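Colleague: please find the sequence and the predicted model below.
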Amino acid sequence: MRSHRYIIKDSLKADEVARDLELQLDINRMSDVRILSVNAQNEILVQMEEENEEAGDVIDVFMKEYKTAEIIE
């Protein structure tokens, strides 16, 4: 299991970005990705299987405009 923590830009709300990311993954018919927003720190936590490179690519492209930093755990 691979975990990514995205620090969201101050002008945005983590829970809204998380909902939009979930919608994008649904549109692309990608499952087995867990998304959790942490509003107190304005972060989004994303967990996915290591082999799920396709979902990782979709998430990376989507988050490009919303994140200030990414921490891979």
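Modeller: That came through fine. Everything numeric here is computed off the predicted structure, so don't read it as measured data.
Colleague: hang on, isn't I8 packed against A14?
Modeller: Yes: using C-beta atoms under 8 Å, I8 is in contact with A14, at 5.0 Å. C-betas here are computed from N, CA, C, even on glycine.
Colleague: which residues do these two both contact?
Modeller: 42-44 (C-beta atoms under 8 Å, 6 or more residues apart in numbering).
Colleague: surely A18 and N39 touch.
Modeller: No: A18 is beyond contact range of N39, at 9.5 Å (criterion: C-beta under 8 Å).
Colleague: in the protein, which helix has the most residues?
Modeller: helix 14-27 (DSSP state H).
Colleague: after it, which helix or strand is next?
Modeller: Following helix 14-27 in sequence order, the next helix or strand is strand 33-38 (DSSP states H and E).
Colleague: neighbouring strands for whatever helix or strand comes next after that following strand, and are they parallel or not?
Modeller: Beyond strand 33-38 on the C-terminal side, the first helix or strand identified by DSSP H and E is strand 43-48. The strands beside strand 43-48 in its sheet (DSSP bridges) come out as strand 2-8 (antiparallel), strand 33-38 (antiparallel).
Colleague: so for E51, which of these sits nearest?
Modeller: Smallest distance to E51 across these (C-beta to C-beta): 9.4 Å, for strand 2-8.
Colleague: which residues sit in contact with the residue nearest to the spatial centre of the chain?
Modeller: The structure's the chain has its C-alpha centroid closest to V46; by C-alpha atoms, centre = their mean the separation is 4.9 Å. Taking C-beta under 8 Å, 6+ apart, we find V46 in contact with 3-6, 21, 33-36, 59.
Colleague: just the buried residues from the residues you listed, in PyMOL please.
Modeller: Listed next is the PyMOL selection for buried residues among the contacts of V46, using 16 or more other C-beta atoms under 10 Å:
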select buried, resi 4+5+6+21+33+35+59
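Colleague: so what's D32 up against?
Modeller: For D32, the contact set (C-beta under 8 Å, 6+ apart) comprises 48-49, 52, 55.
Colleague: can you pick the most crowded of those residues?
Modeller: M48 (22 neighbours; other C-beta atoms under 10 Å).
Colleague: what's the distance between the nearest residue to that residue once chain neighbours are set aside and A40?
Modeller: Excluding the flanking residues, the one nearest M48 by C-beta to C-beta, 6 or more residues apart in numbering is V33, at 4.7 Å. Going from V33 to A40 by C-beta to C-beta, to the nearest Å gives 22 Å.
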